[in-house]
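Participant: Okay, sequence plus prediction incoming.
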Amino acid sequence: MSSNDVAPFVVVWDIETQDIIKNMPGDNREEQVRNLEVSCLSYVKIPSESILAGPDEALRAVEEAPMITLWRDEDEKAQGPFFELLKAFDEAELIVSYNGLGFDHPVMFKHCASKRSEAHLFKVHDVFARLRDHTRTWFKLDNLLKENDMETKTADGLQAIAWWAEGERDLLKEYCEQDVRALARMVCLPELRLPRIRATAPNYVFGIASALAARRASEAQTC
């Protein structure tokens, strides 16, 4: 339990931005990514014990987990539009994303103090990075979903940017939330079929059950 007696959980999240990387100022891609602005973001909190109970229980928990979507121009608590997400990051055992280390987290750096961001980064389980490092292949999330007979994305990032510009918030919200739910389902699988290289990745490469067990084992060794 955390200091606030919150039941242990894992956060799965995704962001959408207002523009594409190449349109941002900066001397390199890293600077350009950091200069992007969020339009909205979505996340779910999945109970850790459900994840460790096995794939079936984990998938049930994913479907039951309430989806939370935050908008950059809405700040009902006057604590910053992404206050709830950052608090969830503080308390989470793991933070799960797809290319989060290369994109989502750098975009959010401007909204979070550096020491706090550093603490969050050590919790990140970036499925894209894990698969890329093990296979030297850059997999699109949608292709992984298709290969594993799962519901695919409803659009793409360019369409999400257009929806923001056009004020189509319902469509943008649905797209972002579907991405999060799809990723959460995928990382609960016991194994993952990989397109292009026609291989199968075991859970310890991409899955959250293995990542969560590894984190707990590491913490137990330091106690």
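Facilitator: Received the coordinates, thanks. Quick caveat, the model's predicted, so the values are computed rather than measured. Numbering: from 1, shown residues only.

Participant: From here on, just use CA atoms for contacts and neighbour counts.
Facilitator: Noted.

Participant: Output the below-cut-off pLDDT ranges for this structure.
Facilitator: Across the chain, residues meeting the criterion (pLDDT under 70) sit at 1-5, 77-79, 223.

Participant: ok, which stretches of it are strands?
Facilitator: With DSSP state E as the criterion, the chain has strands at 9-17, 38-47, 68-71, 94-97, 124-126, 191-194, 199-202.

Participant: excluding its backbone neighbours, what's nearest residue 26?
Facilitator: residue 32 (4.9 Å; Cα to Cα, 6 or more residues apart in numbering).

Participant: give the contact list for the one you found.
Facilitator: 21, 22, 23, 24, 25, 26 (Cα atoms under 8 Å, 6 or more residues apart in numbering).

Participant: just checking, the fourth one touches residue 35?
Facilitator: Yes. Contact between residue 24 and residue 35 holds when scored by Cα atoms under 8 Å: they sit 6.3 Å apart.

Participant: Got phi/psi on residue 24?
Facilitator: Here is the backbone geometry of residue 24 (degrees, to the nearest 10): phi -90, psi 150.

Participant: mind checking how far it is from residue 176?
Facilitator: 22 Å (Cα to Cα, to the nearest Å).

Participant: Looking at these two, which has the bigger crowd around it?
Facilitator: residue 176 (25 against 17; other Cα atoms under 10 Å).

Participant: Let me see the contact set for residue 155.
Facilitator: Residue 155 neighbours (Cα under 8 Å, 6+ apart): residue 175.

Participant: Residue 52 - how many residues pack around it?
Facilitator: So residue 52, with other Cα under 10 Å, has 16 neighbours.

Participant: In the lengthiest helix in the chain, which residues are buried?
Facilitator: In the chain, with assignment by DSSP state H, the single longest helix is helix 169-186. Within helix 169-186, the residues scored as buried using 16 or more other Cα atoms under 10 Å are 169, 171-173, 175-186.

Participant: for stretch 23-42, same thing?
Facilitator: 24, 32, 33, 34, 35, 36, 37, 38, 39, 40, 41, 42.

Participant: Is residue 46 bridged to anything, and to what?
Facilitator: residue 10 (DSSP bridges).

Participant: From residue 125, how far out is it?
Facilitator: Distance of residue 46 to residue 125, computed by Cα to Cα: 14 Å.

Participant: contacting residues around residue 161?
Facilitator: 16, 17, 18, 19, 20.

Participant: Tell me how far the third one lies from residue 185.
Facilitator: Relative to residue 185, residue 18 is positioned 27 Å away (Cα to Cα).

Participant: Also the first one?
Facilitator: Between residue 16 and residue 185 the distance, using Cα to Cα, works out to 20 Å.

Participant: The last one now?
Facilitator: From residue 20 over to residue 185 the distance is 27 Å, taken as Cα to Cα.
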